[in-house]
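[1] sequence first, then the predicted structure, then my questions.
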Amino acid sequence: MIPSVLVLRSSTHRAPIRFLFVLGLLLLYVWLAIQVHPFGDDWSYAVLSERYPLWPRLLQEYRDINGRFSSNVLLLCHPMALGLPSGLLVYRAVPVVLLLLLLAGSYALLRAGFRGAFGRSETSLAAALLVVMFVHGLPDLSEGLYWYTGAVTYLLPCAASLFVCAAMMILRRTNGKRWRRPLFALAAVLLVFIALSCELHMVLAIMFTATFLYTCSVRSQRLEAVPVMLLLIALGCGVLMFLSPGNFLRALNYPQRGEVLRTLGYGALQSFRFMVLWVASPLLLSASVLWVEVDRRYNVLAQLVPFGRNLLVASVVVVFVIMALPYWTTGILGQHRTVNVAWFYFLPAYLVLIALGYRKILGTTGWAWIQGPLVRRAAILTAIIALLFTGNTGRVLSDLASGRARTYDDAMHRRYAMVTSAIRSGRDTLVLAPPARMPASLRILDAGPDPEHWANRYLVRYFGGEEMRLIVRHPDPAEAP
């Protein structure tokens, strides 16, 4: 799928070059991963992980904060609780593991969905391209991939959903196979993890399992056991999360929650805003041309043509629900970690819909010029330029090439050493300057000038201090000697 199996079987001698190019793009994100540092809630969860037993704290989270059982287990086993440098090593390995899971899940989904339309090498290249496009277009790369607290709560369930969707596709067309029960067990376990990771993924799990039950029932004209059980699992997780006293207590902090008109209006506006931005990106425009050509050559999506209108409606509904849910629960969109999830589902849906739209409309109205070699070469060149100079990939490449990422890494290591030294010497106040060069690809919630802010307090507590006041601000020229 995508920019694209860059135009596949007709030139297999170029496949290794294409794969190496895509692999190189992914390695840029791996390279950045070995220079990132914890921030924000990472420090508070690391302190909680160090000082309190898991299960009592997990029950307290359910009672006082939220019902996110599966993600809370990961947060309360925070890698930074291992201490420096072991914890930092594990922390930096998490984005790499997430990229590998996205690759494996995309491969499994494409193999299950296309059933032999492409070979293994072509599917591998398509999966890698899909992951590159996803991370390239993430609205917030920090919260999506590199911030442990956000990544395991929102992106890890997305990766797990790829395997669940692949399992659903296989289960839908198999009966009585020997490995049907293990496949169902795997889907059920992953579904529990997804539905209990956060409220957003819980709602999506119920929506997708209900859709799975509906499509299976329409095909067989009866209720089948597997989709019914999956839906019941998702509903059970939803009830467990909904009944969490912590969700009710946390909601009291948001006076604008539960406003119907606000939710519908802002949900629709944000859906329109982001979908227009995504569709207008140079990479997605060029990828559309290439993917249309691949679908035309190999008839990949022929079986989906009758369902094009339903897929369009479903895609818009999913994006709207993801955008509207934060307004319903808090009254604001807040951080873009939920928008990252919308992008995760929008990207493959858009690629399917653009190919179906070309088949149904553009392919019969004189748009055959899209299939010409000059257009294809221009699209490939545009895609390469867009990957290297725009979006997250362009910013990551700039951070690595300019040394901003390395400068930030060095500055944070110096900060750790200075905080540790100040605590050991018994100082009551430590004033530090923020890193001189922050990475352009990351949005980092750094400690600030207020020593009583929770980010400052937990950073100090992590290094063993309780009373020391940490102030992070730019030097005042008036204070210079």
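    Done, it's in.
[2] OK, contacts around residue 391?
    Residue 391 makes contacts with 136-137, 281, 283, as judged by Cβ atoms under 8 Å, 6 or more residues apart in numbering. (Glycine included, C-beta is placed from N, CA and C.)
[3] could you do residue 450 as well?
    Residues in contact with residue 450 (Cβ under 8 Å, 6+ apart) are 456, 471.
[4] state the distance from the spatially most central residue of the chain to residue 113.
    Centroid-nearest residue in the chain: residue 155, 3.5 Å away (criterion: Cα atoms, centre = their mean). Per Cβ to Cβ, to the nearest Å, residue 155 is found 21 Å from residue 113.
[5] tell me which element residue 181 falls in.
    Using DSSP states H and E, residue 181 sits in helix 180-195.
[6] close enough to count as contact, residue 314 and residue 210?
    No. The pair residue 314 / residue 210 is not scored as a contact, 11.6 Å apart, by Cβ atoms under 8 Å.
[7] please save the CA atoms from stretch 243-259 in CSV.
    Provided in CSV are the C-alpha atoms of stretch 243-259 (Å, rounded to 0.1, in the frame of the first residue of the first chain):
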residue,chain,number,x,y,z
LEU,A,243,-17.8,2.5,36.9
SER,A,244,-14.4,3.8,38.0
PRO,A,245,-14.9,6.3,40.8
GLY,A,246,-11.7,8.0,39.6
ASN,A,247,-13.3,8.9,36.3
PHE,A,248,-16.1,10.7,38.1
LEU,A,249,-13.7,12.5,40.4
ARG,A,250,-11.5,13.6,37.6
ALA,A,251,-14.4,14.9,35.6
LEU,A,252,-15.2,17.4,38.4
ASN,A,253,-12.1,19.3,37.2
TYR,A,254,-13.7,20.1,33.9
PRO,A,255,-16.8,22.4,34.3
GLN,A,256,-17.5,22.5,30.5
ARG,A,257,-17.8,18.7,30.1
GLY,A,258,-21.0,17.0,28.9
GLU,A,259,-22.2,20.0,26.8
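[8] mind listing what's buried in that stretch?
    244, 246-247, 250, 257 (16 or more other Cβ atoms under 10 Å).
[9] one more: stretch 349-358?
    Along stretch 349-358, these residues count as buried under the neighbour rule (16+ other Cβ under 10 Å): 349-356, 358.
[10] first to last residue in stretch 141-161, what's the distance?
    Its first and final residues considered, stretch 141-161 spans 20 Å by Cα to Cα, to the nearest Å.
[11] let me see the mean pLDDT of it.
    Stretch 141-161 shows a mean pLDDT of 96 in the predicted model.
[12] stretch 361-369 too?
    Stretch 361-369 comes out with an average pLDDT of 59.
[13] same check, this time on stretch 257-268
    On average, the pLDDT along stretch 257-268 is 94.
[14] give me the residues contacting that stretch.
    Applying Cβ under 8 Å, 6+ apart, the external contacts of stretch 257-268 come out as 251, 256, 320-321, 323-325, 327-331, 333.
[15] for stretch 220-236, same thing?
    Outside stretch 220-236, the residues that reach it (Cβ under 8 Å, 6+ apart) are 168, 171, 184, 187-188, 191-192, 195, 202, 205-206, 209-210, 212-213, 216-217.
[16] mind doing that once more with 10 Å?
    By Cβ atoms under 10 Å, 6 or more residues apart in numbering, the surrounding residues in contact with stretch 220-236 are 164, 167-168, 171-172, 174-175, 180-181, 183-184, 187-189, 191-192, 194-196, 202-217.
[17] so what secondary structure elements neighbour the helix holding residue 181?
    Here helix 180-195 touches helix 69-75, helix 156-172, helix 199-220, helix 225-242, going by 3 or more Cβ pairs under 10 Å, 6 or more residues apart in numbering; DSSP states H and E.
[18] restricted to buried residues, select the contacts of stretch 257-268 in ChimeraX.
    A single ChimeraX command selects the buried members of the contacts of stretch 257-268 (16+ other Cβ under 10 Å):
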select :320,321,323,324,325,327,328,329,330,331,333
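[19] pLDDT check: weakest of the contacts of stretch 257-268?
    In terms of pLDDT, the lowest of these is residue 251, showing 81.
[20] pick out the most distant pair among the contacts of stretch 257-268.
    Spatially, the most separated pair among the contacts of stretch 257-268 is 251 and 320, at 21.4 Å (Cβ to Cβ).
[21] can you give me the offset of stretch 317-324 from its chain's centre?
    Stretch 317-324 sits 16 Å away from the centroid of its parent chain (Cα atoms, centre = their mean, to the nearest Å).
[22] quick one: name whatever helix or strand follows the lengthiest helix in the chain.
    Determined from DSSP state H, the single longest helix within the chain is helix 86-114. Going down the chain from helix 86-114, the next helix or strand is helix 120-137, by DSSP H and E.
[23] quick check: angle from that following helix to helix 86-114?
    With axes from the mean of the first three to the mean of the last three Cα atoms, to 10 degrees as the basis, helix 120-137 and helix 86-114 are set at 120 degrees to each other.
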